[in-house]
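In: have a look; sequence and predicted model below, questions after that.
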Amino acid sequence: MAVKKNKPFEEQLKRLEEIVDTLDAGDAPIDELLKQFEEGMELVKELRNYLNNAELKVIEITKKLEKDIEVIENE
């Protein structure tokens, strides 16, 4: 099952939690569990990419603010 990349982070995380619950329960047929496992792994990949990009953005913002503070201190 393809993961929709346009969904918000929170929505994707909620779906991943639902999949984990289903897999933990083990009540579904094996074919369904395998499909959900595959979807879950795709979600993990998307969520990891989102978090990596967010981390890079935080680093970028922090560096910019540090430079701005340094300029103000040197004035």
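Out: Perfect, thanks for sending it.
In: distance of the residue positioned nearest the centre of the chain from Lys7?
Out: In the chain, the residue lying closest to the centroid (C-alpha atoms, centre = their mean) is Leu47, at 1.7 Å. Distance of Leu47 to Lys7, given as C-beta to C-beta, to the nearest Å: 11 Å. The way it works is simple: take the backbone N, C-alpha and C, and place the C-beta from them, glycine included.
In: quick revisit: which helices and strands sit right next to the host helix or strand of the residue nearest to the centre of the chain?
Out: Taking DSSP states H and E as the criterion, Leu47 maps to helix 30-74. The contact analysis (3 or more C-beta pairs under 8 Å, 6 or more residues apart in numbering; DSSP states H and E) places helix 30-74 against helix 9-25.
In: how far off centre is the helix it packs on?
Out: Here helix 9-25 is found 12 Å from its chain centre; the criterion is C-alpha atoms, centre = their mean, to the nearest Å.
In: what does stretch 58-75 give?
Out: Distance, centroid of stretch 58-75 to centroid of chain: 28 Å (C-alpha atoms, centre = their mean).
In: quick one: mean pLDDT over it.
Out: In this model, stretch 58-75 has a mean pLDDT of 85.
In: same check, this time on stretch 22-32
Out: What stretch 22-32 shows for mean pLDDT is 94.
In: and the end-to-end length of it?
Out: 10 Å (C-alpha to C-alpha, to the nearest Å).
In: residues near Glu42, how many?
Out: Using other C-beta atoms under 10 Å, Glu42 is surrounded by 17 other residues.
In: with Gly40 instead?
Out: That count, for Gly40 with other C-beta under 10 Å as the rule, works out to 20.
In: what pLDDT does the closest residue in space to it that isn't next to it in sequence get?
Out: Leaving aside its chain neighbours, Gly40 sits nearest to Ile19 (4.2 Å; criterion: C-beta to C-beta, 6 or more residues apart in numbering). Here, the pLDDT recorded for Ile19 equals 97.
In: picking that back up, quick one: distance of the helix holding Leu47 to the chain centre.
Out: 7 Å.
In: so that helix versus helix 9-25, what angle?
Out: 140 degrees (axes from the mean of the first three to the mean of the last three C-alpha atoms, to 10 degrees).
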